[in-house]
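J.: I would like to see how this sequence folds:
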Amino acid sequence: MPVRVTLDALILRRGIKARDLAAEIGLSETQLSLFRSGKVKGIRFSTLARLCAALDCTPSDLLDYDFHPDDLARPDEGED
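T.: So this is what the prediction gives:
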């Protein structure tokens with residue numbers, strides 16, 4: 001998938017713990033971990049906004065888009 005979650009790099013640069021970030025934004029550690037690993041299919045805008053506010057960043061600091069034309073030719077894994 002061309003969209004990658006880059007939250008881990010931002011957490012490291014900020015020198016914070018994921019556990020503290022999860023508590024600050026009102027998200028379970030498990031849910032934050034799933035997002036960090038890219039194992040979620042989506043994220044609510046309200047959660048994204050809370051992450052950005054807590055980390056003083058923009059959504060583009062949390063997500064990266066690496067497009068390859070071949071991505072259009074093959075369906076995402078797990079989709080019908």
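
J.: can you give me the end-to-end distance of stretch 14-32?
T.: Start-to-end span of stretch 14-32 (C-alpha to C-alpha, to the nearest Å) is 16 Å.

J.: any idea of the mean pLDDT for it?
T.: The predicted model gives stretch 14-32 an average pLDDT of 96.

J.: Quick one: residues contacting residue 18.
T.: 11, 29, 32-33, 36 (C-beta atoms under 8 Å, 6 or more residues apart in numbering). Just so you know, the C-beta spots here come from the backbone N, C-alpha and C atoms, and that holds for glycine as well.

J.: cool, residue 28 as well?
T.: residue 22.

J.: same check, this time on the one 3 residues further on
T.: Contacts here follow C-beta under 8 Å, 6+ apart; on that basis residue 31 touches residue 22.

J.: and it, what element?
T.: helix 29-37 (DSSP states H and E).

J.: give me the number of residues near the nearest residue to residue 50 once chain neighbours are set aside?
T.: Excluding the flanking residues, the one nearest residue 50 by C-beta to C-beta, 6 or more residues apart in numbering is residue 25, at 4.1 Å. Residue 25 sits with 19 neighbouring residues when counted by other C-beta atoms under 10 Å.

J.: if I look at residue 25, how far off is residue 69?
T.: As judged by C-beta to C-beta, to the nearest Å, residue 25 and residue 69 stand 36 Å apart.

J.: Same check on residue 19?
T.: For residue 19 relative to residue 69 (C-beta to C-beta), the value is 40 Å.

J.: which of the two has more neighbours?
T.: residue 19 (11 against 6).

J.: Which residues lie in contact with residue 63 in this structure?
T.: 3-6.

J.: Provide the partner residues of it in its beta bridges.
T.: residue 5 (DSSP bridges).

J.: Return the set of buried residues in the helix holding residue 31.
T.: Residues of helix 29-37 classed as buried under the neighbour-count rule (16 or more other C-beta atoms under 10 Å) are 32, 35-36.
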